[in-house]
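Chemist: give the three-dimensional model of this entry:
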Amino acid sequence: MSDKYQVTIIGGGPGGYLAALRAASLGLKTAVVEKEALGGVCLNHGCIPTKVLTHGASLYRKIHSADEFGFNMDKIDFSFARLQEKKKAVVGELTGHIAELLKNSQVDLFLGTAKVLNSNKVVVTTNNGEDVVLETDNIILATGSEEIFPPTPGLDLPGVITSWEALALEELPKTMAVIGGGVIALEMASIFMGLGVKVTIVHRSERFLRRMDLEMVRRLSTYLRRSGLQIMMNSPVEKVEETKDGLIITVRGKKGEETIEAEKVLLSVGRKASFGGQDLETLGVEYDSSGIKVNSRMQTTAPGIYAAGDVTAPGYFLAHVAYHQGLVAAENIAGFDSHFDGSFVPGCLFTDPELACVGMSEEEAKEKGLENLQVGKFPFSACGKAATQGEVEGAVKIITAGKEQKVVGVHILGPHASDLIQEGTLAVSKGTSASELAELIHPHPTLSESVWEAAMAINKAPLHFGRR
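Modeler: Next up is the predicted model:
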């Protein structure tokens, strides 16, 4: 069996299915090959299921502090199983929606494993054992990423789990140790801590989240510790062993060798590009350990072969980056001159409180030697809307540079930071000045007023907080 397409996409995750929908909307005959489930890691094992559990943990915390708003919540009944049912329902609904969108866009979906023979031929071994040959004019590799497993003794023991398995737990453990210090590690620690699990996070380095502003990361660490998270920094794990009650982790800490006991150990030290079993060297596709090399048009070094999402270098590992890269690849295949610019990518951490950023951190701006560097801050404790909802932790931090005081970085720690950061993304990407941002009328009472006040702090003074 053989079919002819103008574009064939390997992978049905965020980059793959968005590329397919865009290609189809531009009139290209399109095929998608997915070996597991539509939506990829993001929808099935990452972004979406974690946010369902994050919301559940947030509700759990709010219920326990609802007395300040007049509620008597002495008898609280919580079912982790029902929360998991909600998660499965949301994931099922969204994956079904993607399948419907592809069908309505007349995109042909092949469930199976793809082998790219050259830029014009793909062989698909379907999940029912049939071989299908797809003749194609172009290929987009969107094969995603996979978990990194360090060679630490004991990580193959029962009870050592990844975020995938943590999201599928049927019962909450009483204790959990999280190995790692990145976004996923902190989000998972925040979720399970918020649901009443005693969590210890163990990180080999001296700081979390190297791509984010150090001041804001330190403030977040303080809030997490205050909420009950046990944090061990500069503590590389040497081994994991079984005990009759669970697991014991041996780390090399400041005080020498230390041990931690936990029912579950969650491994989350990072992700790496997954090439989907493709022979990239034979195809002429240049790559290294960080992923496939692409230009701004998402073209690889092999004519007719594009790449999008986690599989590309330098490895953003963000669904929203995959979305945009997939769109750019599809548009260039259709004849448009479309480009991806990774200079203004917002990053979001869905802990409690949330942390979001775009552009440069303060230390990065200093390292680059930017002239007339200025920082404006405004705490949520001085924001009326934050006070009304009892979420006053954190602050907005805006960094400007040059005579025009252009915004080069925005960092938000606090309620709904992931939603508020988009104003910062627009400001950084368009070279908006602090005064221009301060001149915008922000509705009252809203959390967005904190962005306005932080911009005011650059040239004038925040109105609802003391002068600098």
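
Chemist: and the contacts of stretch 248-266?
Modeler: 159-163, 166, 169, 173-179, 185, 188, 200, 202, 232, 234-243, 245-247 (C-beta atoms under 8 Å, 6 or more residues apart in numbering). Placement of C-beta: from N, CA and C, glycine included.

Chemist: now list the buried members of those residues.
Modeler: Neighbour counting over those (16 or more other C-beta atoms under 10 Å) leaves 159-163, 166, 169, 173, 175-179, 185, 188, 200, 202, 232, 235, 237, 240, 246-247 as the buried ones.

Chemist: now Val345, nearest residue through space, not along the chain?
Modeler: Val321 (5.9 Å; C-beta to C-beta, 6 or more residues apart in numbering).

Chemist: pretty sure Lys368 contacts Gly359?
Modeler: No: Lys368 is not in contact with Gly359 according to C-beta atoms under 8 Å; the separation is 11.6 Å.

Chemist: quick one: which of those two has more around it?
Modeler: A side-by-side neighbour count of Lys368 and Gly359, using other C-beta atoms under 10 Å, places Gly359 first with 23 against 11.

Chemist: quick one, what contacts the more buried one?
Modeler: So Gly359 contacts Phe344, Ile399, Val407, Val408, Gly409, Val410, Gly424, Val428 (C-beta under 8 Å, 6+ apart).

Chemist: roughly how far does the last one sit from Ile399?
Modeler: Counting by C-beta to C-beta, to the nearest Å, the gap between Val428 and Ile399 amounts to 9 Å.

Chemist: contacting residues for the residue most central in space within the chain?
Modeler: Nearest to the geometric centre of the chain sits Leu318, at 4.8 Å (C-alpha atoms, centre = their mean). By C-beta under 8 Å, 6+ apart, the contact set of Leu318 is Val345, Gly347.

Chemist: got it, and Gly27?
Modeler: Under the criterion of C-beta under 8 Å, 6+ apart, the neighbours of Gly27 are Ala334.

Chemist: among the contacts of Gly359, which two are most distant?
Modeler: Greatest spatial distance in these: Phe344 and Ile399, 13.8 Å, computed using C-beta to C-beta.

Chemist: and the least confident of the contacts of Gly359?
Modeler: Among the contacts of Gly359, Phe344 has the lowest pLDDT, at 93.

Chemist: what's the neighbour count on the nearest residue to that one once chain neighbours are set aside?
Modeler: Distances taken as C-beta to C-beta, 6+ apart place Ser429 nearest to Phe344, at 4.0 Å, with adjacent residues excluded. By other C-beta under 10 Å, 16 other residues sit near Ser429.

Chemist: about what we covered before: wait, the residue nearest to Val345 sits on Pro346?
Modeler: No: in this structure, Val321 is not within contact of Pro346 by C-beta under 8 Å, at 9.8 Å.

Chemist: need the helix or strand of the protein with the lowest average pLDDT.
Modeler: Across the helices and strands of the chain, the lowest-confidence element by mean pLDDT, DSSP states H and E is strand 2-5, at a mean of 79.

Chemist: and it, what's buried?
Modeler: Asp3, Tyr5.

Chemist: what's it in contact with?
Modeler: Residues external to strand 2-5 that are found in contact with it (C-beta under 8 Å, 6+ apart): Leu28, Lys29, Thr30, Ala31, Asp108, Val132, Val133, Leu134, Glu135, Thr136, Asp137.

Chemist: what strands line up against the helix or strand just after it, and which way round?
Modeler: With elements assigned by DSSP states H and E, the helix or strand that comes after strand 2-5 is strand 7-10. Applying DSSP bridges, strand 7-10 is found paired with strand 30-34 (parallel), strand 139-141 (parallel).

Chemist: contacts for the last one?
Modeler: Contacts of strand 139-141 from elsewhere in the structure, counted by C-beta under 8 Å, 6+ apart, are 7-11, 15-16, 19, 116, 119, 122, 275-276, 278, 285, 292, 298, 300, 304-308, 311, 326, 329-330, 333.

Chemist: next structured bit after that strand?
Modeler: strand 145-147.

Chemist: off-centre distance for that next one?
Modeler: 13 Å (C-alpha atoms, centre = their mean, to the nearest Å).

Chemist: cool, and stretch 38-57?
Modeler: Chain-centre distance of stretch 38-57: 10 Å, with C-alpha atoms, centre = their mean.

Chemist: same deal with stretch 216-227?
Modeler: On C-alpha atoms, centre = their mean, the centre of stretch 216-227 falls 19 Å from the chain's centre.

Chemist: please apply the same query to stretch 444-464.
Modeler: 28 Å.

Chemist: from Ala401, how far out is Gly369?
Modeler: 10 Å.

Chemist: wait, Val217 touches Arg211, no?
Modeler: No: the pair Val217 / Arg211 is not scored as a contact, 9.7 Å apart, by C-beta under 8 Å.

Chemist: and the two? which has more neighbours close in?
Modeler: Val217 (23 against 13).
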